[in-house]
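Asks: fold the following.
(chains A and B)
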Amino acid sequence: MKAIVAVKRVVDFNVRVHVKADGSGVETANVKMSMNPFDEIAVEEAIRLKESGQIEEIIAVSLGSAQCQETIRTALAMGADRGIHVQSNAELQPLAVAKLLKVIIDRENADLVILGKQAIDDDSNQTGQMLAALLGWSQATFASKIVIGDRSADVTREVDDGLETIRVKLPSVFTTDLRLNEPRYASLPNIMKAKKKMIDVIDAAETGIDVAPRLATLKVIDPPRRQAGVRVASAAELVEKLHIEAKVI
Amino acid sequence: MSCLVIVEHNNANLKSVTLNTVAAATAIGGDIDLLVVGAGCASAVDIAAKISGVSKVLVADSEEYAHQLPEDVAPLVVRLADAYSHILAPADTFGKNLMPRIAAFMDVQQISDISAVISDDTFERPVYAGNAIATVCSSDTLKIITVRTTAFGAVEGENAIAAEIVALPAAGESGLSEFLGTESSVTERPDLAAAKVVVSGGRALASSENFTLLERIADLLGGAVGASRAAVDAGYVPNEFQVGQTGKIVAPQLYIAVGISGAIQHLAGMKDSKVIVAINKDEEAPIFQIADYGLVGDLFEIVPELERELQNLLAQ
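Replies: Residues are numbered from 1 along each chain as shown, chains lettered A, B, ... in the order given. A predicted model of the protein is given here:
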């Protein structure tokens, strides 16, 4: 079986983002960029499936500007076999990403796709589900455990009420939740080896997919700031303040 | 304009977030229809038909919808979609799982997690873990939306006359997925996402047993218990307790953060709470920068004291 993992280049999760003064977006120049943390979990899961002999090949796919190749290299250093970079300098929204991924999956005849459940930049949580729909496949979102069987997979999902287990027919699209695994760090020898692995580049324009954004961002502003309040000295003072001043108990 | 709200329910009862989702539909305007998909869901339908402002309740009641799997529900919604300008669901694990599947079938770019309605095509939504608020305008004819339910007050009151109920034929089983089972902690406490008071613990609680300290405070205040990712990762509490960017979003009247340092990802899930209390032994902890009331000290001394003080207050 062949697995595709989708990896997105995002502002690192430790960076405190700043809204641009002109309200057009957040500042991404000179900001540390990394692989979306949920996608690292996706790469790790694919590697574990390969290590246990359940899949033969892992292809890491990233979509966007030339710098996305750095993100693909990270996946290759972790253990993916080769990469595909879908080159585009346009803003790619989840529907367009899902359509472009479908093109790759059809070309590669992949059996399963693993993606992060959401990207920590625009927090949309859409691409995996959209891709499953476009492919006509089952979907197993927010996975915290994946057990691949013969023609199906049993997946435990993190849902609002707790954990839910479903059986999905293969091929399928999986999206990862936090507790699926703990991604490995790439070792130095593997980082060196990854430099020799192949990355195919495909121009998004040549796929014939219309990637024009459907959502126009009119403005981006800071959220209302909370002011730090007061320090209290004891539990007694706290209860008094909550009761008399804040009136919430 | 006409909105279709997908009702979240367990066949017997509605999840309260449905009322907040209807509130978002009300802000958009036009007729509001509800869709209840389930198996043996007559009592959920009855409750839905009384929600204030609802015109019609569409019902697909059939065995294959018992667990409302997206592979089965999405085709059903797609058949209805042409009659609506907006289709909405809550931005929780139910809506997040289902709506993008519908959107892709309809060739629509979904608008996730809206926190305000500016007009019928323009909405606000938080991005970057709530560190920025984007105003987005959709050019799709059909708008498919998930709603940040804490940003919209639940609709109140009942329809004087219950809404018309329309039965739909089932769309058939997809055969793509099946439900095997569920595991959830049984609790008498209110639903975390809708609770008026939330008492959350972090890694500093140091064990599963120590969470009983927080449960006692929550029970005195009629609240729910939450947790940071660190506490869930450490196995102190199950995943459904997690508050944050990728967990549950809460906005209670009172949020008490105990032993939580306040990572950006946690703040994203609770910073819209009305009053925030932080109890932490590290006086530099970032949680204090957004807390209305901060108490520096050892939680294992402070929390039992807090319990006694609350008991005294409640006894008055």
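Asks: mind telling me what element residue B:291 is part of?
Replies: Following DSSP states H and E, one finds residue B:291 outside all helices and strands.
Asks: residues touching residue B:123, list them.
Replies: Residue B:123 makes contact with B:111, B:114, B:116, B:117, B:135, B:136, B:138, B:145 under the criterion CB atoms under 8 Å, 6 or more residues apart in numbering or on different chains. From N, CA and C alone the C-beta is placed, and that goes for glycine too.
Asks: please pick the buried ones from those.
Replies: B:111, B:114, B:117, B:135, B:136, B:138, B:145 (16 or more other CB atoms under 10 Å in any protein chain shown).
Asks: between which two of those is the distance greatest?
Replies: B:135 and B:145 (14.3 Å; CB to CB).
Asks: quick revisit: need the buried ones among the contacts of residue B:123 in TSV with pLDDT and secondary structure, can you?
Replies: TSV is the format used below for those (pLDDT from 0 to 100; DSSP: H, G, I helix; E, B strand; the rest coil):
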residue	pLDDT	secondary structure
B:111	98	strand
B:114	98	strand
B:117	98	strand
B:135	98	strand
B:136	98	strand
B:138	98	strand
B:145	98	strand
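Asks: filtering those residues by proximity to chain A, which remain?
Replies: Among the buried ones among the contacts of residue B:123, the ones lying close to chain A by the criterion of CB under 8 Å from any CB of the partner chain are B:111, B:135, B:136, B:138.
Asks: kindly provide the whole-number mean pLDDT of the lengthiest strand in chain A.
Replies: Across chain A, the strand with the greatest residue count (assigned by DSSP state E) is strand A:138-148. Within the predicted structure, the mean pLDDT of strand A:138-148 is 98.
Asks: can I get the buried ones among the contacts of residue B:123 in CSV including distance to residue B:80?
Replies: Listed next are these as CSV, based on distance: CB to CB, whole Å:
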residue, distance to residue B:80
B:111, 19
B:114, 21
B:117, 22
B:135, 29
B:136, 25
B:138, 19
B:145, 15
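Asks: does anything pack onto the helix or strand following the longest strand of chain A? Which helices or strands?
Replies: Next in sequence after strand A:138-148, counting helices and strands by DSSP H and E, comes strand A:152-159. Applying 3 or more CB pairs under 8 Å, 6 or more residues apart in numbering or on different chains; DSSP states H and E, one finds that strand A:152-159 contacts strand A:138-148, strand A:162-169, strand A:172-176, helix B:93-105.
Asks: what residues does stretch A:222-230 touch?
Replies: So stretch A:222-230 is contacted by A:19, A:241, B:126, B:130-133, B:271, B:276, B:288-294 (CB under 8 Å, 6+ apart).
Asks: widest-spaced pair of the residues you listed?
Replies: That would be A:19 and A:241, which, of the contacts of stretch A:222-230, are the farthest apart (CB to CB) at 32.8 Å.
Asks: would you mind writing the CA trace of the host helix or strand of residue B:26 as PDB?
Replies: Residue B:26 is part of helix B:17-28 when elements are defined by DSSP H and E. Output in PDB follows, covering the C-alpha atoms of helix B:17-28 (Å, rounded to 0.1, in the frame of the first residue of the first chain):
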ATOM      1  CA  VAL B  17     -25.100  24.100  21.100                       C
ATOM      2  CA  THR B  18     -28.000  23.800  18.600                       C
ATOM      3  CA  LEU B  19     -29.700  26.700  20.300                       C
ATOM      4  CA  ASN B  20     -26.500  28.800  19.800                       C
ATOM      5  CA  THR B  21     -26.300  27.700  16.100                       C
ATOM      6  CA  VAL B  22     -29.900  28.800  15.600                       C
ATOM      7  CA  ALA B  23     -29.000  32.100  17.100                       C
ATOM      8  CA  ALA B  24     -26.300  32.600  14.500                       C
ATOM      9  CA  ALA B  25     -28.900  31.700  11.800                       C
ATOM     10  CA  THR B  26     -31.200  34.300  13.300                       C
ATOM     11  CA  ALA B  27     -28.400  36.900  12.900                       C
ATOM     12  CA  ILE B  28     -28.100  36.000   9.200                       C
END
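Asks: all strands of the stretch 201-316 of chain B, in order?
Replies: Assigned by DSSP state E, counting those that start in this stretch, the strands in the stretch 201-316 of chain B fall at B:224-227, B:254-258, B:275-280, B:293-296.
Asks: counting by contacts, list what the first one packs against.
Replies: The reference is to strand B:224-227. Looks like strand B:224-227 contacts strand B:197-201, helix B:211-221 (3+ CB pairs under 8 Å, 6+ apart).
Asks: so which of the ones you listed is the most packed in?
Replies: strand B:197-201 (a mean of 28; mean count of other CB atoms under 10 Å in any protein chain shown).
Asks: so what are the sheet partners of it and their directions?
Replies: Here strand B:197-201 has these sheet partners by DSSP bridges: strand B:224-227 (parallel), strand B:254-258 (parallel).
Asks: Serialize those to a markdown table and add fields for distance to residue A:98, mean pLDDT and mean neighbour count.
Replies: Below are those laid out as a markdown table (distance: least, CB to CB, whole Å; pLDDT from 0 to 100; neighbours: other CB atoms under 10 Å in any protein chain shown):
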| stretch | distance to residue A:98 | mean pLDDT | mean neighbour count |
| --- | --- | --- | --- |
| strand B:224-227 | 33 | 98 | 28 |
| strand B:254-258 | 36 | 98 | 28 |
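Asks: nearest to chain B: which residue in chain A?
Replies: As assessed by CB to the nearest CB, chain B sits closest to residue A:162 within chain A, at 3.1 Å.
Asks: ok, how many other residues are close to the closest residue to that residue other than its chain neighbours?
Replies: Using CB to CB, 6 or more residues apart in numbering or on different chains and skipping residues adjacent in sequence, the residue nearest residue A:162 is residue B:184, 3.1 Å away. If you count neighbours by other CB atoms under 10 Å in any protein chain shown, residue B:184 ends up with 14.
Asks: in contact with residue B:184, which residues are there?
Replies: Counting by CB under 8 Å, 6+ apart, residue B:184 has contacts A:161, A:162, A:163, B:238, B:240.
Asks: the closest residue to the last one other than its chain neighbours: what's it in contact with?
Replies: Using CB to CB, 6+ apart and skipping the chain neighbours, the partner closest in space to residue B:240 is residue A:162 (4.8 Å). Residue A:162 sits next to B:182, B:183, B:184, B:185, B:238, B:239, B:240 when contact means CB under 8 Å, 6+ apart.
Asks: give me the spatial nearest neighbour of the fifth one, chain neighbours excluded.
Replies: Distances taken as CB to CB, 6+ apart place residue B:185 nearest to residue B:238, at 5.5 Å, with adjacent residues excluded.
Asks: where does pLDDT dip in chain B?
Replies: Regions of chain B meeting the criterion pLDDT under 70 are absent.
Asks: hey, where'd the helices end up in it?
Replies: B:17-28, B:42-49, B:70-80, B:93-105, B:211-221, B:229-233, B:264-267, B:299-315 (DSSP state H).
Asks: cool, thanks, talk later.
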